[in-house]
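*Asks:* Take this sequence and fold it.
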Amino acid sequence: LAGPFTHDSFVWTAEFSPDGQRIVTASRDGTVRIWGVDNPQQAIHKLPHGKSLWLARFSPDGGRVFTVCNDLTTQVWDSNTGRALTGPLAYAKGAELRNYAVQIGSYRQERTAQFSLNGQMVVMAFGSRPLLLDANTGLVLTEPFRHELARSAEFSRDSERVVTASLDGTARVWGIRDGRQWVMAFRNQASKVPPVCSPVPDLIPQLLEALAERRLNDQGLVETV
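*Replies:* All right, here's what the predicted structure looks like:
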């Protein structure tokens, strides 16, 4: 239909803006580029990083781009002007990432960063442990989630919880106001669990609470339903 949208080296990720009119690409050539769908010959903006990029992602309103670089830094950019909204911020030490790569062995290194639906937070699930970041400043909001070898993470639709999935065979749900484990850990019969792909429909927790006739409230106490 259009393209190719050309970089000078491998392109690791590409995705549409929420309105479908732009594409953001992250490349090993050290740039993130924003393209108009109808004009693949010329990038609208070229966001220079100088180091190989792992990931670039539009915010839910399309106004920002969150980038992750393989020098273990993240940045937030204005997608309409190409201006950097934050400086490069380090999220991990090189030794932590190398140790993670050794532990996961032949598994592909997941490079997951997701915006909350309200656009105010980003959860990252690669490196040593999952991190919760402020989507405007790029600063870490809480202590790292206590879930080693996490491959993926996803926000709940109300942006009040995060679910993480790990190679240790568990998925965990977290309250994000204080970064503590909030609900439960799910153990898989297999030794590995797949990445989390989408939020659980709101009906499912309500159905489980009705069947069990009890639930955990916001204070972590059991209530009768």
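
*Asks:* What is the burial count for His49?
*Replies:* 22 (other CB atoms under 10 Å). The way it works is simple: take the backbone N, C-alpha and C, and place the C-beta from them, glycine included.

*Asks:* which regions of the protein sit below the pLDDT cut-off?
*Replies:* Within the chain, the ranges that satisfy pLDDT under 70 run 94-111, 126-128, 177-200.

*Asks:* Enumerate every residue touching Ala26.
*Replies:* By CB atoms under 8 Å, 6 or more residues apart in numbering, the residues touching Ala26 are 11-14, 32, 53-56, 67-68.

*Asks:* and of those, the nearest to Asp38?
*Replies:* Nearest to Asp38, judged by CB to CB, of the contacts of Ala26 is Ala14 at 16.1 Å.

*Asks:* Name every sheet partner of the helix or strand hosting Glu15 and say whether each one runs parallel or antiparallel.
*Replies:* Assigned by DSSP states H and E, Glu15 belongs to strand 11-16. Strand pairing for strand 11-16, using DSSP bridges, gives strand 22-27 (antiparallel).

*Asks:* what does the next helix or strand after the strand it pairs with rub up against?
*Replies:* Going down the chain from strand 22-27, the next helix or strand is strand 31-36, by DSSP H and E. Around strand 31-36, the neighbours that count as contacts under CB under 8 Å, 6+ apart are 5, 7-8, 21-27, 43-49, 53, 56, 65, 67, 77, 79, 82.

*Asks:* Out of those residues, list just those in strands.
*Replies:* 22-27, 45-48, 53, 56, 65, 67, 77 (DSSP state E).

*Asks:* could you measure Asp8 against Lys46, distance?
*Replies:* Distance, Asp8 to Lys46, using CB to CB, to the nearest Å: 11 Å.

*Asks:* ditto for Trp35
*Replies:* Trp35 is 10 Å from Lys46, by CB to CB.

*Asks:* neighbour-wise, which of the two wins?
*Replies:* More crowded of Trp35 and Lys46, by other CB under 10 Å: Trp35, with 23 against 12.

*Asks:* Show me what the more buried one bridges to in the sheet.
*Replies:* Counting by DSSP bridges, the residues bridging with Trp35 are Ile23.

*Asks:* Understood, closing this out.
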